[in-house]
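S.K.: pasting the structure only:
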């Protein structure tokens, strides 16, 4: 019997939290819309426009071969990537590698190597990271579909020079793998020129839906995470949902609840709050998936409008001592999605001591596992009592399969919500302007118009500084 | 000449972003209210009710003595604390210790020890952390003002037993320090019983305002962070602001801008986005400060209402590839506060290569430091062009002094905003119910009423699960 992730949305409903909750008629409306959205998604799946749907059924031979062919006695796998090229691997590593593995010795890491996701260009941080690693035992994976990502390509140029200086061209080739478009782009050209090993990103899978491509799977597999189990989990969700009625479809229901809370109940903040340190980067992965897919300009009756709730990550129990006061008594403008793990790898029993101090001694005989889950339950009850809608995504355990299930389910929930919001969940037109301004400031050819615009902007402004 | 942090709020104003920005008359209204709020804060400072104001002028002898008296050859300083007992130390460690120091060897750490902030009770994570450490070279600091914090006391009981088993009572005493109330509470009793070394938290300083007490300063100082420079930075802000007119007071102006964006312009999301990996935990520290201080139930004309914008942390340049699409084209419901570092410890020049590939070669001759700051500027210009209000907090460099300045300034901004929102920024009544439910579920005596309430709740509910 496989572990199966379950969604409990009792406390998101009007029956529990009154007017702030989703009403039966609102769910019925979403159910009525689901048929057409589902048909559209099926059509896009069949036409190949939404490539991520079929990833659970891919052949993993190439990825497995890459792992066994690695020429380096690996201590570190370092991903050079940003956004969709980094968040999936980070979420998998955080969830499925031993916690704190980065600063454990080989024994503590159970023989696995470290997974380091270099997803920023902070120079002190990036150079500090490089100087901390034994480069001879490090493998770098540069990930960019187009090879035009300024951050990733800058990192790549720095690491490339460092490796060539230290180990020569062959040593560099042993320690650098590229993941990029299979036919075109700058990184594809560099692969040819430098004779690098590489794997393709399917052309019809965008960054934020790419965790089940080599982008997520290769770094994970190199660190000993079982890619087969991830796909198995994703496939089980796909098969379960393909013909499911709306009310039996956890992905569509979840997408609808997130959408309805925002649009019908002005919950423009969508909190994802795992009660598990290992699931925190999954919440960040979801933040990108939701924000970049649905935060869009739209036309409503011919007028411009803007949609998309703001995904926020919080951590239980930690943020009970940081954000809970606001969630409980601040504006009722949030839907809170808890992630809960029923069975942890350790229980961590709390020993008895200070028996005469009642305020401490009641802890004895319980465990940290019990405490964190009771706190989750207590928090959701307190929020419910205050009329604050919330729901729960339950992991029986954190495994490759349950991670595969949840990530695939959240991808489906997001594209379904795209149907409800009536936006294209696959594009990201809003990030282009900032990129063009950066290119112009960097003096790149072809961006002279933007450079003029920046100059005019700078000159026109009267600065308010203090 | 000292480094001085500057706030540039040009792009938060109506002159730049139209109706979504703060108007001159709104600022004038805040300025008119500032006098009375300032007088109230001065009175609370003088009466001792707001103890944090005077912390910059404290005597550090005790903390310095503690550091020199440490009996252990230190490799790890581990904070057992949560919320206000952990976030300050985390922010200081992340900003001021070498990046990635946790998994560097002693040389990479510049001889300093690791700072590990154990601020969650995830059992796999907590036990994994303990098993990864050389306990003989680890010092634990248990921090709880009352000693009633279930999470921290559970961690303490586990570590206490482990240390006693391994090193005996003397070895345990050498490796455990407590920070707690000076007169009363459970941890204070345990200190006496176990004969532990300890330092006090001033009674008139709440958790989220405690970074400049031993709560933040002792862990920092043990890791070699210069506590004197932190206080020097805080004091310089205090002296500058004490008699400042509203428009010359960056703390009051900042608090007013955050408040006005929320209340007058429906920006209920307050994003703090450092373009520096080292400042990310500062953003999390601020999240607690703002959320717990201002997320409150209030009475407006006799009716219950709820206030407080939701603080969100994002990271530049990373989240340009995750959240920026939403910030740029989604609902205009955010005020974005950038943190920017003018001078990094490293430049990280980008080497030239692939000169014939124009889409890569333009990077050469620039540096990561230049790129990250150009991206910050490009992003704020793109947002401004789209009518999205934003502002910038500029660090000349990340030092003890600038961190001291910014943390003190943000504390003052928060209590000033408390005056504008008309809430008590020092309490947190909203977290009590969840705590009582947890106690009841743990079977603690005195919570039988809550246990009944929980039972009734569980029985009455028809669960919706999928």
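M.R.: Looks like it arrived, so ask away. Since the structure is predicted, the reported quantities are computational estimates derived from the model, not experimental observations. Numbers count the residues shown, from 1 in each chain, chains lettered A, B, ... in the order given.
S.K.: going forward, measure contacts between C-alpha atoms and count neighbours the same way
M.R.: Fine.
S.K.: Chain neighbours aside, what residue packs nearest to residue A:232?
M.R.: residue A:401 (6.2 Å; Cα to Cα, 6 or more residues apart in numbering or on different chains).
S.K.: and the longest helix anywhere in chain A, which residues are buried?
M.R.: Criterion DSSP state H: the longest helix present in chain A is helix A:150-175. Buried residues in helix A:150-175, defined by neighbour count with 16 or more other Cα atoms under 10 Å in any protein chain shown: A:150-163, A:169, A:171-175.
S.K.: what about the closest residue to residue A:251 other than its chain neighbours, which helix or strand?
M.R.: Nearest in space to residue A:251, with sequence neighbours left out and distances taken as Cα to Cα, 6+ apart, is residue A:413 at 4.5 Å. Using DSSP states H and E, residue A:413 falls within helix A:400-421.
S.K.: could you point out which element follows that helix?
M.R.: That would be, after helix A:400-421 and using DSSP H and E, helix A:432-441.
S.K.: So that next one, near chain B or not?
M.R.: Yes - contact between helix A:432-441 and chain B, assessed by Cα under 8 Å from any Cα of the partner chain, occurs at A:433-435, A:437-438, A:441.
S.K.: Quick one: mean pLDDT over that helix.
M.R.: Across helix A:432-441, the average pLDDT comes to 96.
S.K.: quick one: contacts for residue A:4?
M.R.: By Cα atoms under 8 Å, 6 or more residues apart in numbering or on different chains, the contact set of residue A:4 is A:395-396, A:402, A:405.
S.K.: Spatially, which two of those residues are the most separated?
M.R.: A:396 and A:405 (11.6 Å; Cα to Cα).
S.K.: As a check, name the ranges of all strands in chain A.
M.R.: Taking DSSP state E to define them, one finds strands in chain A at A:6-8, A:76-80, A:114-118, A:138-143, A:176-181, A:197-201, A:269-274, A:296-300, A:303-307, A:310-313, A:334-341, A:390-395.
S.K.: Mind pulling the model confidence for the residue nearest the centre of chain A?
M.R.: For chain A, the residue nearest the mean C-alpha position is residue A:285 (1.2 Å; Cα atoms, centre = their mean). Residue A:285 is assigned a predicted lDDT (pLDDT) of 98.
S.K.: Find the nearest non-adjacent residue to it, please.
M.R.: Nearest to residue A:285 is residue A:87, by Cα to Cα, 6+ apart, at 5.2 Å.
S.K.: follow-up on the earlier one: any idea how far the residue nearest to residue A:232 lies from residue A:435?
M.R.: Separation of residue A:401 from residue A:435 (Cα to Cα, to the nearest Å): 37 Å.
S.K.: When those two are compared, which one has more neighbours?
M.R.: Neighbour count, other Cα atoms under 10 Å in any protein chain shown: between residue A:401 and residue A:435, residue A:401 has more, with 24 against 18.
S.K.: where does that one land on pLDDT?
M.R.: For residue A:401, the predicted pLDDT is 98.
S.K.: Which positions in the stretch 1-150 of chain A make contact with chain B?
M.R.: Counting by Cα under 8 Å from any Cα, the positions of the stretch 1-150 of chain A adjacent to chain B are A:6-10, A:82-84, A:98-100, A:102-105, A:108, A:119-125, A:127-129, A:131-133, A:148, A:150.
S.K.: neighbours of residue A:283, just the number please.
M.R.: What residue A:283 shows, counting by other Cα under 10 Å, is a neighbour count of 23.
S.K.: Can you name the residues that contact it?
M.R.: Here residue A:283 is in contact with A:272-274, A:313 (Cα under 8 Å, 6+ apart).
S.K.: Of those residues, just say which sits nearest to chain B.
M.R.: Relative to chain B, the closest of the contacts of residue A:283 is residue A:313; by Cα to the nearest Cα it sits at 8.4 Å.
S.K.: Identify the bridge partners of the closest one.
M.R.: Applying DSSP bridges to residue A:313 yields these beta-bridge partners: residue A:272.
S.K.: tally of neighbours for it?
M.R.: Neighbourhood size, residue A:313 [other Cα under 10 Å]: 22.
S.K.: Same check on the one 4 residues further on?
M.R.: Residue A:317 is surrounded by 28 other residues when neighbours are defined as other Cα under 10 Å.
S.K.: again with the one 4 residues further on
M.R.: Taking other Cα under 10 Å as the neighbour definition, residue A:321 ends up with a count of 21.
S.K.: contacting residues for it?
M.R.: Contacts of residue A:321 by Cα under 8 Å, 6+ apart are B:82-84, B:288, B:431.
S.K.: Tell me the one among the residues you listed nearest to residue B:262.
M.R.: Of all these, the one with the least separation from residue B:262 (Cα to Cα) is residue B:288, at 17.4 Å.
S.K.: And for that closest one, the neighbour number?
M.R.: Residue B:288, neighbours per other Cα under 10 Å, totals 26.
S.K.: Now it: closest residue in space, sequence neighbours ignored.
M.R.: Residue B:288 sits nearest to residue A:322 (Cα to Cα, 6+ apart), 4.4 Å away.
S.K.: How much space separates residue A:368 from residue B:126?
M.R.: Taken as Cα to Cα, the span from residue A:368 to residue B:126 is 9 Å.
S.K.: So for those two, which sits in the more crowded spot?
M.R.: Remark: of residue A:368 and residue B:126, residue A:368 carries more neighbours, 27 against 20, as counted by other Cα under 10 Å.
S.K.: Phi first, then psi, for the residue of chain A most remote from its centre.
M.R.: Taking Cα atoms, centre = their mean, the residue of chain A most remote from its mean C-alpha position is residue A:356, at 46.7 Å. With angles defined as degrees, to the nearest 10, residue A:356 sits at phi -80, psi -10.
S.K.: Let me see the contact set for residue A:336.
M.R.: Contacts for residue A:336 (Cα under 8 Å, 6+ apart) come out as A:270-273, A:389-391.
S.K.: Which members of these are classed as buried?
M.R.: A:270-273, A:389-391.
S.K.: In this structure the residue nearest to residue B:288 contacts residue B:292, no?
M.R.: Yes - using Cα atoms under 8 Å, residue A:322 is in contact with residue B:292, at 6.1 Å.
S.K.: Widest-spaced pair of the contacts of residue A:283?
M.R.: Spatial extent of those (Cα to Cα) is set by the pair A:274 and A:313 at 8.3 Å.
S.K.: All good on my end, thank you.
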